[in-house]
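Participant: Sequence first, predicted model second:
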Amino acid sequence: MDFAIADRDTAELDRFRHEFRAWLEKNVPADRKQPVDSQELDSDDYKWFLGFRKELAKHGWLYPTYPKEYGGGGLSANHESVIEEELTRSNVIRMGVTPNFVFPGLLVWGTEEQRQRFLRPLLTGEKSCWYKMTEPQSGADLAGIQTRAVRDGDDWLITGQNVFITGGTGPDRPDWLYGLAITDPNAPRHRNMGLFMIPVPSAGLEIRQQNLIGGDDQHFLFLDNVRVPGDHLIGGDHQGWQVGATSRENEHGGTGRAFPRDEVMEDLVEYARTTKHDGTTLGKDPVVQQATMDAYMDAHVQALLLKRTYWMYHNRKEVQYEGNVGNVHGRESSLRQTVRVREVMKMYSLLGTKEPGVPHGGAQEVSQRSRAGQNHAGGSTNIMKVVLARRIGISRTQERAPVTPATAGQQGG
């Protein structure tokens, strides 16, 4: 099957590419390039990036495929692909603000008033939101959360804890937290929770930063009778699992990617080709050749899986298991890639960005650190395999993919 984006070379797309590239060249200063280690970005960089996002949004380029009426660009998948390519080419600072996982749930399940109140300012870059899911005792088993929401008049009082919540570094705080809470402890599993947009700051809410091997953008959350207005409940008070499933489908690979890159693989190939060893290049060693070839093939298999899902999603085809295949393969192949880097580059793979003579500016060391815990993000790999087994019909229970903006008729990437 041909996963190429249709009509990529049309005159209109070519004009758009030149327009966007010229805009980037004019609006991205030389000192606002992405460093090898994103932990080296400071608060001034972050403030600049927030302003840059808003400028992108004014042109419809921040979230190009989301509807215009909610702050998106109303553009095609082709345009989104061009934007992604050119942003990568420009190497402009790119930092996490609001995870894309938040948007599908709001778009599909939110009321029109909620879309205007929450979704629109997120898509225009005016507001930000963190994805509040993982709890200390139920990281992999999301349905086993213990956070409770108790009615108090028209409001809800929410009490609970979260850990490994991704957000900005330092004093940065979001405007909302998007997360689940048990609303009816007597109801059946998956029918006992609601999904809330929790205002920040709020009385009874504490956010503490975690300093981990991969960086300092993870947080503890502590909620003690945090008051949340009733109109901040997305969907019904027993529909939280279903609302969250729409978001998790995005998180678990359900939208794919048009032009994925494996920079770890690209650097490894370049290193094997150019590094001198015993009077010849390192890549002449048959063991190094094999490891490098394996890395190259793994990366291209992953790219094909992601492209297929992207093609299906943006053609409004039901993505049943395809996104999960890419998700599981990506988790496992990324670990294989990091092992190959250590096998080929030896101790050079562990040199930091400030070390003299470090290859590729230290990108391989940043990758090694990030992979140490990142494969647990969005549910551990064993949970992703359970989901995949259910989707392809080899588990004791079976499931279909949840509703997404594509299948609901509200496009969004």
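Facilitator: Now that the structure is in, tell me what you want to look at. Not measured: the values here are computed from a predicted model.
Participant: Where does pLDDT dip in the chain?
Facilitator: 1-9, 169-171, 374, 409-413 (pLDDT under 70).
Participant: where along it do the strands fall?
Facilitator: Under the criterion DSSP state E, strands of the chain are mapped to 129-132, 148-152, 155-166, 176-182, 193-199, 205-212, 215-229, 233-234, 276-277, 280-281.
Participant: Mind putting the ones you listed into TSV with mean neighbour count and distance to residue 305?
Facilitator: Glycine gets a C-beta too; all of them are placed from N, C-alpha and C. Listed next are these as TSV, based on neighbours: other Cβ atoms under 10 Å; distance: least, Cβ to Cβ, whole Å:
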stretch	mean neighbour count	distance to residue 305
strand 129-132	26	24
strand 148-152	16	38
strand 155-166	19	24
strand 176-182	26	27
strand 193-199	25	29
strand 205-212	14	29
strand 215-229	18	27
strand 233-234	23	30
strand 276-277	10	34
strand 280-281	12	31
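Participant: Looking at those strands, spot the one closest to residue 408.
Facilitator: For the strands of the chain, proximity to residue 408 was assessed by Cβ to Cβ; strand 233-234 is nearest, at 14.2 Å.
Participant: other SSEs contacting the closest one?
Facilitator: The helices and strands touching strand 233-234, judged by 3 or more Cβ pairs under 8 Å, 6 or more residues apart in numbering; DSSP states H and E, are helix 102-109, strand 193-199.
Participant: So this structure: which segments form each domain?
Facilitator: 11-95, 103-110+128-241, 252-392 (automatic domain parsing).
Participant: I'd like a version of those domains in JSON lines, one that adds distance to residue 121 as further columns.
Facilitator: Formatted as JSON lines, these follow (distance: least, Cβ to Cβ, whole Å):
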{"stretch": "domain 11-95", "distance to residue 121": "7"}
{"stretch": "domain 103-110+128-241", "distance to residue 121": "8"}
{"stretch": "domain 252-392", "distance to residue 121": "22"}
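Participant: Which residue is the nearest non-sequential neighbour of residue 407?
Facilitator: residue 318 (6.0 Å; Cβ to Cβ, 6 or more residues apart in numbering).
Participant: doesn't residue 402 make contact with the one you found?
Facilitator: No - at 10.8 Å, residue 318 does not count as touching residue 402 under the criterion of Cβ atoms under 8 Å.
Participant: Which of the two has more residues huddled nearby?
Facilitator: For residue 318 and residue 402, the more surrounded residue by other Cβ atoms under 10 Å is residue 402, and the numbers stand at 20 against 12.
Participant: quick one: which of the domains of the chain is nearest residue 117?
Facilitator: Closest to residue 117 of these is domain 103-110+128-241 (Cβ to Cβ; 8.2 Å).
Participant: chain center to the longest helix belonging to the chain, what's the gap?
Facilitator: Counting by DSSP state H, the longest helix found in the chain is helix 286-314. Centre-to-centre, helix 286-314 and its host chain are 19 Å apart (Cα atoms, centre = their mean, to the nearest Å).
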